[in-house]
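J.: need coordinates for the below:
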Amino acid sequence: MEILTKPFATPHGTAPFSKIATPDFKPAFEHNIAAARREIDAITTNPEPPTFENTIEALEYSGQELDRLSSIFFNLNSAETNDEIQRIAQEVSPLLTAFGNDISLNAELFARVRQVYDQREKLSLDPEQAMLLEKKYKGFARNGALLPEDKKTRLREIDAELAKLKLTFGENVLAETNDYRLHITNEPDLAGLPEGTIEAARALAQQEGKEGWIFTLDHPSYIPFVTYADNRELRREITVAAGKKAFRGNQHDNSQIVLQIARLRHERANLLGYETHAHFVLEERMAQNPDTVKSFLSALLEKAKPAAQREFAELAQFADDRDAISQLQKWDGGYYSEKLRQKLFDLDEEQLKPYFKLENVLDGAYEVARRLFGLQFREVFNIDKYHEDVRTFEVLGPDGGLTAIFYADFFPRKGKRNGAWMTSFKPQYRKNGIDERPHVSIVCNFTKPTPTKPSLLTFNEVTTLFHEFGHALHGMLADTKYPSLSGTSVYWDFVELPSQIMENWCYQPEALALFATHYQTGEVIPQEFIDKIKKSANFQEGIATMRQLSFGMLDMAYHAADPSGIEDVKDFELKAFEPTALYPDVPENCMSTSFSHIFQGGYSSGYYSYKWAEVLDADAFEYFEQEGIFDPAVAKSFSDNILSRGGTEKPMELYKRFRGQEPKPDALLRRAGLL
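T.: Predicted coordinates for the structure are as follows:
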């Protein structure tokens, strides 16, 4: 346990993964919670009158060892979990929730915070201090400090229950993902599939001691199968399996958990004086309230729906002409879209993949970051890692000093949840004259190298890597005093701007020339391929927009109204999807039961953020295009005003300082070809 409760004697104070024994986590949590309690007690029993330093700053810097331990443990629970870690997570989550409530419901502590807050006009605080004070005060007020005792008790019960339910939801989705295998022994059933996908399926079968080929619901296996497999019946089988994750009436069914989470969130919001969970959440977002979000989604729907319907009709006609498919189903979408894309643009994803070797794309992201922000990435081998697949880098700034530690974890495995995300093991902050640099990680699920091929990415995976790398840059370039305002600690509808803007470089010939080289010949990607990528960028943009809007609208349906009347998750979801539906429904499928973003992650009432941030990123990238995509002045302004400032000021103020104006939605509609 000691290793987890003392400062780490490692290079740059990085997490000593190989020395941590899993059973040590729980006693370490108990120890660090007790230590954090003592720090809180020292603030509340301080005989001096409350000041910004002895109360607000002291509170901000308290519990840092506990925060560090939590980030290590819960990151492992997402990227390298097992039964023991999941069991410990179920045991420590209630302890952490109770401790969090002990702070936010601590009357003596709140009295001190409030005293400082009430004097704020007289304190000569700089903008960052003022923001910290506001955030701390709101943290108490929005989490029950003003409630009578009986309501505080109920709030504690709700929070403890929600913490456990969210964990169980995620465990069920992971178990269901791992549970499915499409085992093929008949070679003709592989028709249409890319060679690399077949090879990976063969390797997995051998690993599991079976003949033939095994396909799973992990994205590098699932996406190529539904995109390329000619066997329609097998596409149907795997698509239906993916769509009914945690909706099978077994011990991993999330239907009731979804309803419990939605109802508890609503009750919690009501307790705190808010109409709904969405009203509570959106008060601290750029959008401010559910009406703004609904209007935003409706306005986009109005623009995108006619385009989506035209695209869908074109796709249906194409499938009918080609293969006499009279009714296009969900398991046909990816397959015929790819065939139509090949026909319209003479562009085959498989033709592109040899130009996108993972290592080259990663080096390309590094080179883009060097040209924009002066960063250098140096791979190092003396930093401990939690799995052999992880790579570790020192990130050096323009002056050669350490800017960040970077972990890159790219391949699927049993203990890792699906999808892609950025996270951190340690935030940036300044204390006692020391600028503590961040330890940042990106986690993805790309195709593993095989005995004959390196990891080759689809163009979609290239943009995914750049997206997560954009989040990572937001964490790495942080330059703030306080950890809770640093890096990606910003409003959720602002946090996607740094990630989404980075995707734009993937479409620029100048940037592609830096990394898109054939893995065998070294030939730079031909200009005709770049032209086709750019030309096809808006292919089925209407359909893609409808898909994103459907998720945002489902999120708001659960959280912007009283959910107590929902009896059946599937029926409720169908109603919410009605305005955006293109394909016939699949009765045995349900999106809600595996919608981890809103029921496990932090996106409840916030899924609209992806489209909201697209408006920001399209507008911001137009500025880069205007001045040059590697223009040093625009890059410096973006770094100084957006990336380094974290949550120290209101996002719109930061954006206007960078751009000189508020964002215009027309930039997004122009880029998407929807104007």
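J.: my guess is Y61 meets P427, correct?
T.: No - counting by C-beta atoms under 8 Å, Y61 does not reach P427; the two are 11.8 Å apart. Glycine gets a C-beta too; all of them are placed from N, C-alpha and C.
J.: more crowded one of those two?
T.: P427 (26 against 15; other C-beta atoms under 10 Å).
J.: and the more buried one, how close does it get to F469?
T.: 18 Å (C-beta to C-beta, to the nearest Å).
J.: can you give me the neighbour number for T51?
T.: T51, neighbours per other C-beta under 10 Å, totals 16.
J.: begin at 34 from now on, thanks
T.: With 34 as the first residue, the last one maps to T84.
J.: so for the residue most central in space within the chain, what's the pLDDT?
T.: With distances taken as C-alpha atoms, centre = their mean, the residue of the chain nearest its centroid is W454 (4.4 Å). We have a pLDDT of 97 for W454.
J.: skip the chain neighbours and tell me the closest residue to it.
T.: Excluding its sequence neighbours, the residue lying closest to W454 (C-beta to C-beta, 6 or more residues apart in numbering) is V476, at 5.5 Å.
J.: ok, longest strand in the protein?
T.: strand 435-442 (DSSP state E).
J.: now do the buried residues in that strand.
T.: The neighbour-count check on strand 435-442 (16 or more other C-beta atoms under 10 Å) flags T436, A437, I438, F439, Y440, A441, D442 as buried.
J.: okay, those residues in CSV with pLDDT next?
T.: Below are the buried residues of strand 435-442 laid out as CSV (pLDDT from 0 to 100):
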residue, pLDDT
T436, 98
A437, 98
I438, 98
F439, 98
Y440, 98
A441, 98
D442, 98
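J.: now for G706: which residues touch it?
T.: G706 is in contact with A340, N571, E574, counting by C-beta atoms under 8 Å, 6 or more residues apart in numbering.
J.: same question, G366
T.: Per C-beta under 8 Å, 6+ apart, neighbours of G366: L348, Y616.
J.: tell me the first helix or strand C-terminal of the helix or strand harbouring it.
T.: Using DSSP states H and E, G366 falls within helix 363-378. The C-terminal neighbour of helix 363-378 among helices and strands, as given by DSSP H and E, is helix 382-385.
J.: the inter-axis angle of the helix or strand following that following helix versus strand 435-442?
T.: Downstream of helix 382-385, the next assigned helix or strand under DSSP H and E is helix 391-406. Computed by axes from the mean of the first three to the mean of the last three C-alpha atoms, to 10 degrees, the angle separating helix 391-406 from strand 435-442 equals 150 degrees.
J.: how near is the nearest residue to A609 once chain neighbours are set aside to Y388?
T.: If the residues on either side of it in the chain are set aside, A609 comes closest to A590, at 3.9 Å by C-beta to C-beta, 6+ apart. Counting by C-beta to C-beta, the separation of A590 from Y388 is 42 Å.
J.: of these two, who's got more company?
T.: Between A590 and Y388, Y388 has the larger neighbour count (other C-beta under 10 Å), namely 25 against 19.
J.: for stretch 275-292, which outside residues touch it?
T.: Here stretch 275-292 makes contact (C-beta under 8 Å, 6+ apart) with 198, 201-202, 205-206, 208-210, 212-213, 250, 255, 363, 591, 596, 599, 602-603, 619, 621-628, 632.
J.: no further queries at this time; thank you.
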